[in-house]
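# Whatever this is, show me its structure:
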Amino acid sequence: MAIKMIVTDLDRTLLRTDKTISDYTADILNRCRKKGIKIIFATARPKRTVDHFCLNLPIDALILHNGAVVYADEKPFANFGIDSSVKDSILQNLSKDYPNATLSVEINDVLYANFDIPTDISPDWKYTKSNQYTDFKYCRLWR
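This next block holds a predicted model:
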């Protein structure tokens, strides 16, 4: 059976501990792509934190936000966002029932969190620290 596609996570899988892709791994992925094998990254990360990995690699698709956003051939393919009223209800109930919970929300490529995100885990992630989730506006990027 011929391999037609490689789908890989990034963190703790394809990436090294310094959050880079080794030259060896990049070479293997490039060789696979030249043989017609599709290369896909599937990750919980948002697009802005994945783009720099795609600069020198032949990526056919990105599955982002744990499957909520999909790009194929560098174009938006699918977006399964949560409606604003549902998001507000979920966050209000969580905040009320679990006042010490750490929460974060990604809206239009901006991360909002009610805690400090450790820079050793995600040094390239920009975020806004806030405890007021009800003010966030959700806007669907694609229909």
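# gap between the residue nearest in space to the middle of the chain and F115?
Nearest to the mean C-alpha position of the chain, by Cα atoms, centre = their mean, lies R45 at 2.0 Å. To F115, R45 is 18 Å away according to Cβ to Cβ, to the nearest Å. The way it works is simple: take the backbone N, C-alpha and C, and place the C-beta from them, glycine included.
# likewise V70?
Separation of V70 from F115 (Cβ to Cβ) stands at 28 Å.
# Wait, A101 touches L94, no?
Yes - with contact defined as Cβ atoms under 8 Å, A101 and L94 form a contacting pair (5.8 Å).
# Can you list the buried residues in the helix or strand that D88 is a member of?
For D88, the element it lies in under DSSP states H and E is helix 84-97. Applying a neighbour-count criterion of 16 or more other Cβ atoms under 10 Å, one finds 87-88, 91, 95 buried in helix 84-97.
# what's near enough to touch D23?
Neighbour list for D23: empty [criterion: Cβ atoms under 8 Å, 6 or more residues apart in numbering].
# How is this protein divided into domains?
Split into domains by automatic domain parsing, the chain comes to 5-79, 84-135.
# Export those as JSON lines, with columns for mean pLDDT.
As requested, those are arranged in JSON lines below (pLDDT from 0 to 100):
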{"stretch": "domain 5-79", "mean pLDDT": "93"}
{"stretch": "domain 84-135", "mean pLDDT": "71"}
